[in-house]
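Undergrad: below is the sequence, then the predicted model.
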Amino acid sequence: MTITGQISKPDKLLTAVVVAMAVATWLGVAFWAAGLSRAAATDALRDNTRNSLALQVQTLQGVLEKYRYLPTLLAHRGDVKALFPQRGETVDQKAAQAFMVDTAGLSGAVDIGLLKTDGTILGSLDTVLTAQDASTLQSLTVTPVQGSLGRTLLRYRGRPYYAFSYGVRENNVGAVQGVVAVVVDLEGLVEAWQLALDPIFLTAPDGTLMVGNDLADASFEGRLDAPIEVSRYLPQTGWTLHVRRSDKTAQAAWWRTFGAISLASLLLAVIASTFWWRRRTQQALKRQDKAQALRLERRVRDRTRDLADANHALRAAQDDLVETAKLAALGRMSASLAHEYNQPLAAIRAYADNALKLLERDQPADATEALERIGTVTNRMSGLSKALRSFARSPGQTIRAVRLTEVVEEVRLLIDPISQKTNVTVSWPGVSSDVTVAGGTVRLSQILVNLLSNAVSAAEERVTFTIECLDETVSLTVSDDGSGVSEEDAPYVFEPFFTTRPVGEGLGLGLSIAYNIAHDFGGTLRLLDNDPGATFQLVLKRHEANAVSNSDDGVLLDA
Ligand code: ADP
């Protein structure tokens, strides 16, 4: 059986809707979860970047704080003040040089500068400051002249430097005589930034890039995608320190979650569709099984009806055959029966004539005797006619208890005339009147008449009819001393229309009908013995006597 699992049009539509909904749900859930995952990863990245920024801020501030107070301290020192020339004096270059070398050596600053308020260098270590242009130098002095600490970012040979500057006043009050500048190298800081994996950079208040690592340059030039940015404004300098970070991890988290959900959805879809398909197939199988069962049921019903019809027809045909067989048996017996009637009739005639003559002679006693003989003969004739009538009746279909004695007596009335005619002696069994068997009177007498008439016509001199009563069954055997049934004929004697009699004398139905009737009674009929004559054995089941049916006139009615 093949299961095609064809999908109908409404089913297709439903399937499409379900699939579309499943895909929409999958996409919705996958995007939502991936978004959540990405946001969480971005938050974690931002936190991480913030920590990194805090560290960088601390480092930067540490470097700057170290030098912040140095110019102020120096400006308050008398020997430093003395280095600035009063009106008309010149700078004591030797003392100035010694001071600058000492201070730079002790503090670690890269350059120490002594400047006029207009930015002119009075003395320096001839490194960073001397390389600056006039406007940058001037900017070093602007804030100190106003009384505050100056802070300026410098560049020298491409490296970043930072200068703190403070004004020198006589007695620490009054007009600013000059400016002390301390220059710090920021390169160390930038080198440390180079080791970092993220872009780190400083911007000026106007937003322009001041210092940063190579990654910062790449990020600014668009070569590096680092959309996560945290920054901190540094109020002491006015700068802002930035740390940027790539969001690749967050993107990876997005794809990971999206992939995991998609995979799970796919797995779920595969499992669901497998279940669905299996259910469909099972349902289709069930439907097919049901349809097949219905078809089978219908076919069985049709066949049963046909069989019942055929059985009915067969039964009718069988009944016809039974009748035919009976008529055939009667036909065969008719000559003997006619003789059986003619003989008593002739006797009656003779007794009547005698009685008349005796009356005429006035011998009433003898006449009465003759008349009584007439009565006896007529009784015998009426018995025979009753037996014939009973034999010719239509048999019943039911199975009841039948008293054997009465059937045997009736059969004897029919068989005796034939046996007498053919000079065959039939030995009749003595049967107890309470022996009853399962069957029907007419049908049982038909079997026995058939077996006995066959035996009588086959016998040389003698037919033996015996009845043996067992616990459950009764065995009736009819044996004759005829030529028996040949070995070739033996398998066919119970076949309908098998006969060895000349045409017109036998129909070949007697034994086959007897066989069927015996089986209808729940008994058996067998050809037992073929030597010297034939022996047929009829075995019948015993039956309770309370179901015996008798007619009022003493003839057994078929039950
Ligand atoms: P029919 O008597 O019309 O031939 P039956 O069915 O009664 O039909 O018998 C079938 C055949 O069985 C007979 O023709 C005969 O050859 C054989 N047969 C029956 N009874 C005997 C018997 N007692 N001895 C020998 N042959 C018999």
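TA: Here it is on my side, so go on.

Undergrad: distance of the closest residue to the ligand within the stretch 301-450 of the chain relative to residue 142?
TA: Nearest residue of the stretch 301-450 of the chain to the ligand, counting by C-beta to the nearest ligand atom: residue 450, 5.6 Å away. For every residue, glycine as well, the C-beta is placed using N, CA and C. Here the criterion is C-beta to C-beta, to the nearest Å. By it, residue 450 lies 155 Å from residue 142.

Undergrad: likewise residue 414?
TA: Using C-beta to C-beta, one gets 164 Å for the distance from residue 414 to residue 142.

Undergrad: of those two, who's got more company?
TA: Regarding residue 414 and residue 142, a neighbour count based on other C-beta atoms under 10 Å identifies residue 414 as having more, with 24 against 15.

Undergrad: wait, that one touches residue 387, no?
TA: Yes: contact status for residue 414 versus residue 387: in contact at 5.5 Å, counting by C-beta atoms under 8 Å.

Undergrad: where do the contact lists of the two overlap?
TA: With contacts taken as C-beta atoms under 8 Å, 6 or more residues apart in numbering, residue 414 and residue 387 have no neighbour in common.

Undergrad: contacts for stretch 494-506?
TA: So stretch 494-506 is contacted by 321, 328, 332, 489, 492, 507-509, 511-513, 515, 525, 527 (C-beta under 8 Å, 6+ apart).

Undergrad: rerun at 7 Å
TA: With C-beta atoms under 7 Å, 6 or more residues apart in numbering as the contact definition, stretch 494-506 has outside contacts at 489, 492, 507, 508, 509, 511, 512, 515.

Undergrad: next one: stretch 74-90
TA: Contacts of stretch 74-90 with the rest of the structure, by C-beta under 7 Å, 6+ apart, involve 91-92, 95-96, 99, 103, 114, 166-168, 170, 172, 177-178, 180.

Undergrad: in strands only, show me those residues.
TA: Using DSSP state E, the subset of the contacts of stretch 74-90 located in strands is 114, 166, 167, 168, 177, 178, 180.

Undergrad: closest one of those residues to the ligand?
TA: Ranked by distance to the ligand (C-beta to the nearest ligand atom), those are led by residue 166 at 154.2 Å.

Undergrad: what's around the closest one, how many residues?
TA: A count of nearby residues for residue 166, using other C-beta under 10 Å, gives 24.

Undergrad: most neighbours, which of the ones in strands among the contacts of stretch 74-90?
TA: residue 180 (29 neighbours).

Undergrad: so that residue is in contact with residue 71, correct?
TA: Yes: the pair residue 180 / residue 71 is scored as a contact, 4.9 Å apart, by C-beta atoms under 7 Å.

Undergrad: show me the common contact partners of the two, please.
TA: Each of 165, 166 lies in contact with both residue 180 and residue 71 under the rule C-beta under 7 Å, 6+ apart.

Undergrad: show me the contacts for residue 392.
TA: Going by C-beta under 7 Å, 6+ apart, residue 392 touches 326, 330.

Undergrad: which residues of this structure lie near the ligand?
TA: Taking C-beta under 6 Å from any ligand atom as the measure of proximity, the chain contacts the ligand at 450, 454-455, 458, 480, 482, 484-485, 489, 493, 498-501, 506-512, 534.

Undergrad: now, which of those residues lie within strands?
TA: Among the residues of the chain next to the ligand, DSSP E puts residue 480 in strands.

Undergrad: quick one: buried ones out of the residues of the chain next to the ligand?
TA: 450, 454-455, 458, 480, 482, 484-485, 493, 498-499, 506-512, 534 (16 or more other C-beta atoms under 10 Å).

Undergrad: starting at the chain centroid, how far to the helix or strand hosting residue 216?
TA: In this assignment (DSSP states H and E), residue 216 forms part of helix 214-220. Between the mean C-alpha location of helix 214-220 and the chain-wide mean there is a distance of 63 Å, by C-alpha atoms, centre = their mean, to the nearest Å.

Undergrad: do the same with stretch 501-508
TA: Computed by C-alpha atoms, centre = their mean, the separation of stretch 501-508 from the middle of its chain amounts to 70 Å.
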